[in-house]
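Visitor: Only the shape, not the letters, is given here:
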């Protein structure tokens, strides 16, 4: 039995990635996930720039995770410059972060993954075959976008977030209106859970190491320690002990490994490591989806995103209640304290997983070095390991069915391939 799969490029993902599988005489001889996206130079762009520009530059790494990159960038600068944030700033940042998580997860679950389960090639025919599903997704995305815009000035590439705080503040009336819309959205959120609970998920299991941020008292999206499902918890400042980046010939993204040959980041890793910190309604959603940690089926990363949609909706309501009870007060950003050879690390859980920014800032406020480690480049080695485990289990299927299983596997990781590439080879 000889089979070859050569997909250029996987559709319904961000960026360009290829799947290459070769089977000769019934044995797998080749299995790769090629990252072929052109390299990007954001770390080099930051060198020599004032720290106040860093978050605006790095938010352009991604149009989907712009708030996540901006927040992680700000946390790196603030760590280097000994900035003490006000409680209001912390609450506002958590709230806008929920808006981004919701926006991205809804996009992925409904528009990139659902077509596979509902038997169509994209969201375009889905709008005809399942019009109510698409309209629900658009309603939910509109709300999440409006939440981001109210806090950070606009939906994509925030302009009101700065080192030490904000330059713009939502009014109590805006927050009250958003709170009511979030409450009203529970019907759409519940319908989302029902839809994805009704799907027949591919049956595939492969245990791996799951890595995420961790806090004992909340489901961590901003700050925290780096936790491994294999037992280690490491301070964020020592991130390089976890990521251990390395190169392979077929990828313009660096790969990572920790205790095993690969690890997974993202919603499923967060779910496995932080289940106890989920909102009760999110735990109830997990039960409807048949999920209890530890989940080792990577296709369920999308189901974990659905659980997080519930959590972020409920926690956004809680955050708004707290902000309203405190009263929104315009305030100056907290002061920064530039010093010689300062170094700061920022860590956040963006929709696709653990994001790390590390900056070196000089006394004049300019950056002399930057390191950005992206969730997707942390997942590439694990995607390949999943593929190598999956292919022998599906060899009896026709090539077209094998191809769909592999494409769905890659899509389950919600890769943002363009963000991940940081390698350029010059001969």
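Guide: The structure has been received and is ready for your questions. No experiment lies behind these values; they were computed from the predicted model shown. Numbers count the residues shown, from 1 in each chain.
Visitor: need the contact list for the residue nearest to residue 255 when sequence neighbours are not counted.
Guide: Spatially, and ignoring its direct neighbours in sequence, residue 255 is nearest to residue 381 (4.3 Å; CB to CB, 6 or more residues apart in numbering). (Glycine included, C-beta is placed from N, CA and C.) By CB atoms under 8 Å, 6 or more residues apart in numbering, the contact set of residue 381 is 255-257, 261-263.
Visitor: Now that we have those residues, which of them are buried?
Guide: 255-257, 262-263 (16 or more other CB atoms under 10 Å).
Visitor: Quick check: end-to-end length of stretch 189-208?
Guide: 30 Å (CA to CA, to the nearest Å).
Visitor: how far is it from where the chain is centred?
Guide: Here stretch 189-208 is found 18 Å from its chain centre; the criterion is CA atoms, centre = their mean, to the nearest Å.
Visitor: and it, average pLDDT?
Guide: Averaged over stretch 189-208, pLDDT sits at 98.
Visitor: So for the host helix or strand of residue 302, what gets flagged as buried?
Guide: For residue 302, the host element (DSSP states H and E) is helix 301-326. For helix 301-326, the neighbour count (16+ other CB under 10 Å) marks 301-317, 319-320, 323 as buried.
Visitor: Run through the helices of the stretch 101-250 of the chain in chain order.
Guide: 114-117, 123-129, 131-152, 172-184, 186-197, 240-243 (DSSP state H, counting those that start in this stretch).
Visitor: do the stretch 251-400 of the chain as well
Guide: Using DSSP H, counting those that start in this stretch, helices in the stretch 251-400 of the chain cover 267-274, 280-288, 301-326, 375-390, 399-412.
Visitor: could you list every residue that touches the residue nearest to residue 207 when sequence neighbours are not counted?
Guide: Nearest residue to residue 207, sequence neighbours excluded (CB to CB, 6+ apart): residue 296, at 4.7 Å. The contact partners of residue 296, by CB under 8 Å, 6+ apart, come to 205-208.
Visitor: buried subset of these?
Guide: 206, 208.
Visitor: can you list the contacts of residue 296 in CSV and add distance to residue 334?
Guide: Putting the contacts of residue 296 into CSV (distance: CB to CB, whole Å) gives the following:
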residue, distance to residue 334
205, 47
206, 45
207, 43
208, 40
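Visitor: and the two most separated of the contacts of residue 296?
Guide: Farthest-apart pair in the contacts of residue 296 is 205 and 208; separation 10.3 Å (CB to CB).
Visitor: circling back to that earlier point, distance of the residue nearest to residue 255 relative to residue 182?
Guide: Per CB to CB, to the nearest Å, residue 381 is found 37 Å from residue 182.
Visitor: Ok, residue 341 next?
Guide: In terms of CB to CB, residue 341 sits 44 Å off from residue 182.
Visitor: which of these two has more neighbours?
Guide: residue 182 (22 against 10; other CB atoms under 10 Å).
Visitor: If you drop the residues flanking it in sequence, what lies closest to the more buried one?
Guide: Closest to residue 182 by CB to CB, 6+ apart is residue 317, at 5.1 Å.
Visitor: dump the residue contacts of that neighbour.
Guide: By CB under 8 Å, 6+ apart, the neighbours of residue 317 are 179, 182-183.
Visitor: do that again at 10 Å, thanks
Guide: 95, 98, 178-180, 182-183, 185-186, 279 (CB atoms under 10 Å, 6 or more residues apart in numbering).
Visitor: Of all pairs in these, which one is the farthest apart?
Guide: The span of the contacts of residue 317, defined through CB to CB, is set by 180 and 279 at 18.7 Å.
Visitor: how many other residues sit next to residue 119?
Guide: 10.
Visitor: Counting neighbours, what do you get for the closest residue to it other than its chain neighbours?
Guide: Closest residue in space to residue 119, ignoring its immediate chain neighbours: residue 129 at 7.7 Å, by CB to CB, 6+ apart. Around residue 129 there are 12 other residues, counting by other CB under 10 Å.
Visitor: what residues are up against the closest residue to residue 125 other than its chain neighbours?
Guide: Spatial nearest neighbour of residue 125, excluding adjacent residues (CB to CB, 6+ apart): residue 115 at 7.7 Å. Taking CB under 10 Å, 6+ apart, we find residue 115 in contact with 11-12, 121-126, 129-130, 411.
Visitor: where does residue 115 sit relative to residue 291, distance-wise?
Guide: 22 Å.
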